[in-house]
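Trainee: Quick one, fold the following:
(2 chains)
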Amino acid sequence: MGKTLLQKVWDLHKVATLPSGEDQLFIGLHLIHEVTSPQAFSMVRERGLSVFRPDRTFATVDHIVPTDSHRRPLQDPLAEEMLQALEKNTRDFGITFLDWESGKQGIVHVVGPELGLTQPGMTIVCGDSHTSTHGALGAVAFGIGTSQIRDVLATQTLALTKPKVRQILFTGQPSRGIYAKDYILALIAQLGVNGGIGYAYEYSGSAIESLDMEGRLTLCNMTIEGGARCGYVNPDGVTVEYLRGRPYAPRGGAFEKAREFWLSMASDADAVYDDQKEIDVSHLEPMVTWGINPGQGMGVGQTLPQPEDLGSGGQTARQAYEHMGLRGGEKILGTKIDVAFIGSCTNGRLSDLREAAEVVRGRRVASHVRALVVPGSQQVKAAAEAEGLDRVFTEAGFQWRDAGCSLCLAMNPDRLRGRELSASSSNRNFIGRQGSALGRTMLMSPAMVAAAAVSGQIADVREFLR
Amino acid sequence: MKIDTIEGRGIPLRGDEIDTDRIIPARFLLCVTFDDLGKDVFRDERFTPQGEMKSHPFNEGRYQGASILVVNRNFGCGSSREHAPQALYRWGIRALVGVSFADIFAGNCAAIGLPAVTAEAPAVEALQGLLEQDPSIPLTLDLQTTNLRFTLKGGEVQRIPVTLSAAQKQRFTSGTWDSMVTLLDNLSAIEARAKKIPYIQGFIP
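Mentor: Numbers count the residues shown, from 1 in each chain, chains lettered A, B, ... in the order given. Predicted coordinates for the structure are as follows:
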């Protein structure tokens, strides 16, 4: 009987079976940022311990950074204190800090893959739920809390229970204007935001094989929104070519050796899964969320569902409509927006900016819309500028910002105000998520955000691509 | 410290998919310690932006001092912030009973010695109704026998079966829920394992 990638990675990293029955797993790559790590370092210090493998932890700063100025001290004294804590902790324990001066700063889930830190067959953790992103390269990657960050710092291991594996087959080929973001929003709408509890998701099928690495990163990124802590794509030729030449990828003879190892970690053809689901992407429309969790989404051409038709989801739908100011039976097309946000660990990469720019080129942002493009990293920003994307956006009336989490989560100066409605390429539409308790978020692909920005309302991006 | 029974009054909080942004909004994560989080738990659910108090169980006088939180489906979904269970703990919560919990949230609760156990949806909803009628009922959550028991006014003893994983039961009841101590026992095995992982060894050609 064959093994899944998850099983192979688990076997390779297992240190011991603990008295609780859990497995102690070696962690190959630990990524940290300023928000969830300071307390973990304090716990390590309080117990008189040190960092066990400082060479396996990498830090960057993303959540709290202003995207319009890096001037120190940061304007918010609390943000400055957090940045200083990260600087001190990384210095004291000999951890690499990918800061502004390095030119490699950015959102932790954009930085890991683009530097080649993220590699197939690894166990990867970070104190951030979107760590599932790194599964795109065939790693077992998941978010952890601060006490677990402490465990990794002190021992480079975690106590874990192996999840079940659900294979998600994406079949068919998408029509123009349909992106990885639409695949994952459709999946979560279908299985629900709690459908993945206890599972890891393996994404496969013809639509995944033909998806480029940045699309795979988007897909895996939102795995957690469907309740699964970790999602991955089996390593293949796309993965190997993506890694070739990246700063932290092996070189020369070591690369060939690595290539063999990476491909050997893919699930065997006769692997057995705990569950399987299939989605045919040929029939997908561009997706938009209408509610207060990422599972409350639908094709842009559909009418809003009636709460009474949603079974156990009816109560949350009523609450969603009250918050969003929407009603069952109405169209979502034409809903007026106030803010357009392109960025985040979900959709802040070069291909995302290219897809949005294709819609924006030669058009103007509607006069009532505040529109921002926030590249996911300093390197994404530089690459986008090298091909003139910044000018496409600024000439259309978008603000062109520096790398950071920005408006995705409102821990920095970029926030919604009052009841503003945001068309957002980010990952969460929770109440209050974008910084105003009354603010409203509709999640969609970056190209759909671009279409909404120039229309001033929710629009069908396919109309702009003809 | 062994955790095998938790005794206290209950506080019901109805709703599916209550995410960690709602439990503790992101702006309160601008901090380098967890110490002050308790007062801001559910901040935007409890207060309007102008600071006026809204209707919410955590605001009600009759639930002050309660320590067992009773919730519905997929509680704690979303962000991995340990700040969420830390805020609940610092408010006074010592155990959670719910229909289901998000994986990362459940792990974070376990890591800080805060049991989060599940029960069947009808039993949870009935318990919430009961606590809305009578918040004074003393509850006992017994992790050894895995049930939640309480005595009704008429003297009738009720037991709701609860579920927690075998691993969590072992960790709480043996007092080894603080995982770091257990992990540190195996330092030499950790080093031996690292030597067998090709990428840790640098893929020597």
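Trainee: Going along the chain, name the helices of chain B.
Mentor: Ranges of helices in chain B, per DSSP state H, are B:20-23, B:43-46, B:83-91, B:103-111, B:121-133, B:166-174, B:179-184, B:187-194.
Trainee: buried residues in the second one?
Mentor: Taking 16 or more other CB atoms under 10 Å in any protein chain shown as the basis for neighbour counts, the residues of helix B:43-46 that come out buried are B:43-45. Quick note: C-beta positions are derived from backbone N, CA and C, even for glycine.
Trainee: what would the helices of chain B look like in CSV with mean pLDDT?
Mentor: Shown next, in CSV, are those (pLDDT from 0 to 100):
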stretch, mean pLDDT
helix B:20-23, 97
helix B:43-46, 97
helix B:83-91, 98
helix B:103-111, 96
helix B:121-133, 98
helix B:166-174, 96
helix B:179-184, 94
helix B:187-194, 98
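Trainee: Give me whichever of those is most buried.
Mentor: helix B:103-111 (a mean of 26; mean count of other CB atoms under 10 Å in any protein chain shown).
Trainee: Pull the residues that contact it.
Mentor: With contact meaning CB atoms under 8 Å, 6 or more residues apart in numbering or on different chains, helix B:103-111 is reached by A:129, A:142-148, A:163, A:197-198, A:224, A:227-229, B:20, B:75-77, B:80, B:82, B:84-85, B:96, B:101, B:115-116, B:168, B:171-172, B:177-179.
Trainee: The same query, at a cut-off of 6 Å, please.
Mentor: Identification of contacts with helix B:103-111 by CB atoms under 6 Å, 6 or more residues apart in numbering or on different chains yields A:129, A:143, A:145, A:147, A:197, A:229, B:76, B:80, B:82, B:85, B:116, B:168.
Trainee: Out of the residues you listed, the closest to B:Ala192 would be?
Mentor: Comparing these against B:Ala192 with CB to CB places A:Ser147 closest, at 25.4 Å.
Trainee: And for the closest one, the neighbour number?
Mentor: Neighbourhood size, A:Ser147 [other CB atoms under 10 Å in any protein chain shown]: 24.
Trainee: Leaving out sequence neighbours, find the closest residue to it.
Mentor: Leaving aside its sequence neighbours, A:Ser147 sits nearest to B:Ala111 (CB to CB, 6 or more residues apart in numbering or on different chains; 3.7 Å).
Trainee: Please tell me how far the one you found sits from A:Gly127.
Mentor: Distance of B:Ala111 to A:Gly127, computed by CB to CB, to the nearest Å: 12 Å.
Trainee: what's the answer for A:Val152, then?
Mentor: 9 Å.
Trainee: same thing with A:Ser455?
Mentor: On the measure of CB to CB, A:Ser455 and A:Gly127 end up 38 Å apart.
Trainee: who's more crowded, those two?
Mentor: Taking neighbours as other CB under 10 Å, A:Ser455 and A:Gly127 compare with A:Gly127 leading, 28 against 24.
Trainee: And the pLDDT for the closest residue to B:Lys2 other than its chain neighbours?
Mentor: Take B:Lys2 and drop its neighbours on the chain: the residue closest to it by CB to CB, 6+ apart is B:Gly175, 4.0 Å away. Listed pLDDT for B:Gly175 reads 95.
Trainee: B:Gly175 contacts B:Ile3, doesn't it?
Mentor: No: checked against CB atoms under 6 Å, the pair B:Gly175 and B:Ile3 is beyond contact range at 7.3 Å.
Trainee: ok, the two, which is more surrounded?
Mentor: B:Ile3 (18 against 13).
Trainee: who touches that one in this structure?
Mentor: B:Ile3 neighbours (CB under 6 Å, 6+ apart): B:113, B:172.
Trainee: can you tell if the helix or strand harbouring A:Pro113 touches chain B?
Mentor: Assigned by DSSP states H and E, A:Pro113 falls within helix A:108-114. No: Helix A:108-114 is not in contact with chain B by CB under 6 Å from any CB of the partner chain; minimum separation 12.1 Å.
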